[in-house]
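>>> this one's structure only:
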Ligand SMILES: O=C(O)CCC(=O)C(=O)O
Ligand SMILES: [Fe+2]
């Protein structure tokens, strides 16, 4: 399959966040939503996330990933009700893949002091590192991408002609999961092994930061059946739509297949924030007919046993799906 020279649009969100006129605001909404319709992916600048917060966050990630494997395994995400913590390379596999992904990852979500039934909202797992070396910069960045994810949802809702305020009902206590990722150097991957194999994101809005200059993300251009690379530029975020948005928008916003093939000689860091919405929320992209499943159903269907939510809840959700 040939490589495509397609380039993703780069949208400046400052004209939406601090508009000088209503026309400007509407133009930015149209540009963003147009890219989400055509490609399911878009790059954004002018997003309001301070560069310092991004840099301090990326600088903190090796403090976790370079801990001994035994230390990281003590924080295994399989010991958490809500998929928080460490996922080693090979700890889970997508159906149909021949080899596990080369990447390792660490998940956090909304910080909750206790497990809230059925268990998706729960405490994060933190390494025994000084807060200033990991938890503080990670939570500071989490709050920023949480805010940006909400802004993007607000724009997607308006792009379909609905009022921005629908996001308030949709997201009183949204599920926002953050996945920090480290990819090994190419020399340490197996022949034919992907950093992350071809997949679509399953849920809502994904906001991705990539370590500047560490290219590796590729998106499928379905029309031409070609993969095109996405550049890794400092202060530019990649936004993409998951399957839930594609379904809820009646296919208007696309959930595009993507993968990571990293050819560099040192590690690559990235982080995806998956902004889904409230567990019981109804579809805000089609408010007149919001009948199509909930975020909780999607989480259970997609990750099944990786959540330790009670079996009666899982059975109920799967029966309703
Ligand atoms: O690391 C990247 O560039 C993309 C990661 C990704 O697609 C994912 O984690 O779903
Ligand atoms: Fe992805």
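That came in fine, so what should we check first? Fair warning: this is a prediction, and the values are worked out from it, not measured in the lab. Residues are numbered from 1 along each chain as shown. Ligands and ions are numbered 1, 2, ... in the order given.

>>> need the residues of this protein near ligand 1, please.
Proximity of the chain to ligand 1, by C-beta under 6 Å from any ligand atom, involves residues 179, 181, 196, 201, 208, 210, 217, 258, 260, 270, 272. Every C-beta, even on glycine, is put in place using the N, C-alpha and C of the backbone.

>>> Show me how to select, in ChimeraX, the buried members of the residues you listed.
The following ChimeraX line selects those of these that are buried, judged by 16 or more other C-beta atoms under 10 Å:
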select :179,181,196,201,208,210,217,258,260,270,272
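
>>> continuing past the longest helix seen in the chain, what's the next helix or strand?
When the chain is parsed with DSSP state H, its longest helix is helix 135-159. Sequence order places helix 166-170 as the next helix or strand after helix 135-159, per DSSP states H and E.

>>> right, and the helix or strand after that following helix?
Downstream of helix 166-170, the next assigned helix or strand under DSSP H and E is strand 175-183.

>>> Identify the residues contacting the next helix or strand after that following strand?
Sequence-wise, the next helix or strand downstream of strand 175-183 (DSSP H and E) is strand 196-199. If you take C-beta atoms under 8 Å, 6 or more residues apart in numbering as the criterion, strand 196-199 is touched by 94, 97, 99, 101, 103, 181, 220, 257-260.

>>> go again using 10 Å as the cut-off
Contacts with strand 196-199, where a contact means C-beta atoms under 10 Å, 6 or more residues apart in numbering, come from 93-94, 96-103, 105, 181, 183, 216-218, 220, 227, 255, 257-262, 270, 272.

>>> Among the residues of the chain next to ligand 1, which ones are in strands?
Secondary structure from DSSP state E places 179, 181, 196, 208, 210, 217, 258, 260, 270, 272 of the residues of the chain next to ligand 1 in strands.

>>> now the fifth one, which residues is it bridged with?
So that's residue 210. residue 270 (DSSP bridges).

>>> that older thread, spell out for me the ChimeraX command that would select the buried members of the contacts of strand 196-199.
Buried members of these, defined by 16+ other C-beta under 10 Å, are picked up in ChimeraX with:
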select :100,101,102,103,105,181,183,216,217,218,220,227,255,257,258,259,260,261,262,270,272
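
>>> hmm, back to that, got the buried residues for the longest helix of the chain?
Going by neighbour count (16+ other C-beta under 10 Å), the buried part of helix 135-159 is 135, 137-142, 144-146, 148-159.
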